[in-house]
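In: This is a predicted model, with the sequence first.
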Amino acid sequence: MSKSHFPGLTRVDHIGLTVPDLDAAVSFYKDTFGATELFRLGPFDAKDLPRMADGRDWTAAHVNVPGARLSLVMLQLCPNLRLELLRYELPADARTTPPRNCDVGAQHIALKVSNLEVAVEHLRSRGVRVLAGPIAVTEGPAAGLRVHYFLDPWGTQLELVEYKD
């Protein structure tokens, strides 16, 4: 294993997504990808947790969201990826639409598949919104790469990736 420039860094542990309906999101990722539920935690409510020594509430100090109430579910999405789904009941003024890909802070999850067409058809057969594609790279260092973007039911962008030798 190569030496990391960050002390003790060994791998990515999980990716977190905030969703508006925790049970519906768990169902989507289980039904669409075969994810398995590892555990649930919460709800955690800032008003019920001890304040920090500097006066901030627990959620402001730990997750940078003052006055939050949240719950989470950790899923095993595939052998090397855990997906943490978070539901914030508070604060009430949370944005309800995900950022566009061009917005600072936007992200997407790319999932490697062995057959892009079969994976896209699987999504379509479950009513998932699949965007135009595939995008095929035919030249350069990524030649043979094909990708296809899609959205979860709440507009989070995800990507299927296929590499050809």
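Out: Thanks, I have the structure now.
In: CA atoms for contacts and neighbours, from now on please.
Out: Will do.
In: remind me which residues of this structure are low pLDDT?
Out: Applying pLDDT under 70 to the chain flags residues 1-4, 165.
In: And the strands in it, which stretches?
Out: Ranges of strands in the chain, per DSSP state E, are 14-18, 36-45, 69-78, 81-90, 109-112, 129-130, 135-136, 145-151, 157-163.
In: would you turn these into TSV with mean neighbour count and distance to residue 26?
Out: Output for these, formatted as TSV (neighbours: other Cα atoms under 10 Å; distance: least, Cα to Cα, whole Å):
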stretch	mean neighbour count	distance to residue 26
strand 14-18	15	11
strand 36-45	14	8
strand 69-78	19	8
strand 81-90	20	8
strand 109-112	14	16
strand 129-130	16	18
strand 135-136	13	29
strand 145-151	19	15
strand 157-163	19	16
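In: could you dump these to a markdown table with distance to residue 120?
Out: A markdown table is the format used below for the strands of the chain (distance: least, Cα to Cα, whole Å):
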| stretch | distance to residue 120 |
| --- | --- |
| strand 14-18 | 22 |
| strand 36-45 | 21 |
| strand 69-78 | 17 |
| strand 81-90 | 20 |
| strand 109-112 | 12 |
| strand 129-130 | 7 |
| strand 135-136 | 13 |
| strand 145-151 | 8 |
| strand 157-163 | 8 |
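In: Compare those strands and give me the one nearest residue 102.
Out: Closest to residue 102 of those, according to Cα to Cα: strand 157-163, at 11.8 Å.
In: For residue 96, find the nearest of the strands of the chain.
Out: Minimum separation from residue 96 across the strands of the chain (Cα to Cα) falls at strand 14-18, 9.8 Å.
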